[in-house]
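A.B. asks: can't give you the sequence, but here's the structure:
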């Protein structure tokens with residue numbers, strides 16, 4: 001399971017009403033790329049993506 005797949009799953013679990021706004025291509029393999037993609041959409045979403053990525057990192 002890629003980090004992007006885990007990210008999409010966590011985003012949908014934590015923020016189901018914003019899951020589509022946060023979703024990224026599930027084949028992405030780096031957290032940095034996820035952060036860049038979502039941050040380009042908006043700074044607000046980028047901040048949420050950063051928090052979700054930090055939660056995923058702690059789970060590892």
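C.D. replies: Arrived safely, thanks for sending. Remember, predicted model here, so these are calculated numbers, not experimental data.
A.B. asks: Enumerate the positions of whichever strand or helix holds residue 52 that are buried.
C.D. replies: Assigned by DSSP states H and E, residue 52 belongs to helix 43-59. Counting neighbours by 16 or more other CB atoms under 10 Å, one finds that the buried residues in helix 43-59 are 45, 46, 48, 49, 52, 53, 56. Bear in mind the C-beta positions are built from the backbone N, C-alpha and C, glycine included.
A.B. asks: which residues touch it?
C.D. replies: With CB atoms under 8 Å, 6 or more residues apart in numbering as the test, helix 43-59 has contacts from 3, 6-7, 10-11, 14-15, 18, 21-22, 31, 34-35, 38-40.
A.B. asks: List buried members of the residues you listed by neighbour count.
C.D. replies: For those, a burial check counting by 16+ other CB under 10 Å picks out 3, 6, 7, 10, 11, 22, 31, 34, 35, 38.
A.B. asks: Now do the same contact list for the fifth one.
C.D. replies: With CB under 8 Å, 6+ apart as the criterion, the residues that contact residue 11 are 18, 19, 22, 23, 48, 49, 52.
A.B. asks: pLDDT and distance to residue 60 added to those, as JSON lines?
C.D. replies: Putting these into JSON lines (pLDDT from 0 to 100; distance: CB to CB, whole Å) gives the following:
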{"residue": "18", "pLDDT": "96", "distance to residue 60": "24"}
{"residue": "19", "pLDDT": "95", "distance to residue 60": "22"}
{"residue": "22", "pLDDT": "97", "distance to residue 60": "20"}
{"residue": "23", "pLDDT": "98", "distance to residue 60": "21"}
{"residue": "48", "pLDDT": "96", "distance to residue 60": "20"}
{"residue": "49", "pLDDT": "97", "distance to residue 60": "17"}
{"residue": "52", "pLDDT": "97", "distance to residue 60": "14"}
